[in-house]
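Novice: fold the following and give me the result.
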Amino acid sequence: MDKRDPHYERKQAILAEVPEIRKLYGVERRTQYYAYTIVALQLAAAYAVRNSWSGALALGFTIGPYLDAAVLCLIHEATHFLVFPSPAANRLLGIFTNIVLMIPLSEIFRQHHGMHHKNLGDEVFDVDVPSDFEIRVVGCSPLRKLIWLTFNMLILPARSLFKLPVHTDRFLVLNWVVSLGFGALTFFFSRQSFLYLLLSFLQSQGFHPANARQVQRHLFDGDDAKRIVDGPTTYSYYGWANLLTLNVGYHVEHHDFSHIPWTSLPKLRELAGPRWYPEDKAYHQRGVWDVLNFVLNPDISLADFAH
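Specialist: Okay, the predicted model is just below:
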């Protein structure tokens, strides 16, 4: 275990108090059906707008980003091997779910996400932390922050490739072939469908309420927008939006216990109690205000992500 992991000591302390939490470890096979459903919905939406530019734009800026945000959460769950007992089956599910993004992310994410957990906030090993170059270029400018956020889903994998090495194996090759192949087929089948999927992908972690999670992970809203969450360098959110995104709002809980599947994270919080997961340290809302505040607030810069 990397000693820089800020959650390791918390985990040991919680287990010392509530050892029955170990019973929550395991997999949640039902997650696969959620994955099949989300992919089917995205494919159905892409097919529905195949002859309509206005439909592609309308859905690509509204429901599409929410569906792709769910896709990213599904890939995340498979990355932690929390769907099937077999690592290979989890990797294949991630590759399958990845197709609607059209950009191969699941295997690179799998290789680098563990470093994010062990080195949370580290400027070198945590690929979620913007580079010094990004911080200097974007600064506090609302326009540059808007551009950065709009193309965040392209910047993030590029940063990941730049920061850390990638091991090539058959799963990585399969991920690239399937995702890029599906994107090419979609482009030739219908430019409108391609546009819809592209907009859904970009806005899922872009200038859209579906991406409130990313800015909330680092910044408070309201008058205290720059204050970093007290405690273990991250935050949680317990509202209704967790229904759409596999309880991804239980972020502190997940970083404390990454071997517990999403369906059991509320139970983890219940067992550990408010001492470890207090309500007053969590967000109570999630929506468009969070991304607007990030872009428009002149006191917020990308440097606030580098913690």
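Novice: quick one: the residue lying farthest from the centre of the chain and Leu199, what's the gap?
Specialist: Largest separation from the mean C-alpha position in the chain: Asn51, at 30.9 Å (Cα atoms, centre = their mean). Here the criterion is Cβ to Cβ, to the nearest Å. By it, Asn51 lies 17 Å from Leu199. C-beta here means a position set from N, CA and C on the backbone, and glycine is covered the same way.
Novice: average pLDDT across stretch 208-220?
Specialist: Stretch 208-220 carries an average pLDDT of 72.
Novice: which non-adjacent residue is nearest the residue farthest from the centre of the chain?
Specialist: Gln192 (6.4 Å; Cβ to Cβ, 6 or more residues apart in numbering).
Novice: now do the host helix or strand of the one you found: which elements does it pack against?
Specialist: Using DSSP states H and E, the element containing Gln192 is helix 191-204. Under the contact definition 3 or more Cβ pairs under 8 Å, 6 or more residues apart in numbering; DSSP states H and E, helix 191-204 sits against helix 31-48, helix 53-60, helix 63-79, helix 152-163, helix 170-189.
Novice: next up, the contacts around the nearest residue to Leu174 once chain neighbours are set aside.
Specialist: Once flanking residues are discounted, Leu174 sits nearest to Ile95: 5.9 Å by Cβ to Cβ, 6+ apart. Counting by Cβ atoms under 8 Å, 6 or more residues apart in numbering, Ile95 makes contact with Ser106, Glu107, Phe171, Leu174, Asn175, Val178, Ser179.
Novice: can you confirm Ile95 is in a helix?
Specialist: Yes: Ile95: assigned to a helix according to DSSP: H, G, I helix; E, B strand; the rest coil.
Novice: burial of Pro165, as a residue count?
Specialist: Pro165 has 8 neighbouring residues, counting by other Cβ atoms under 10 Å.
Novice: ok, Glu279 - contacts?
Specialist: Glu279 makes contacts with Tyr238, as judged by Cβ under 8 Å, 6+ apart.
Novice: so how far is Ala58 from it?
Specialist: From Glu279 to Ala58 the distance is 37 Å (Cβ to Cβ).
Novice: show me the contacts for Phe194.
Specialist: By Cβ under 8 Å, 6+ apart, Phe194 lies in contact with Met102, Gly183, Thr186, Phe187.
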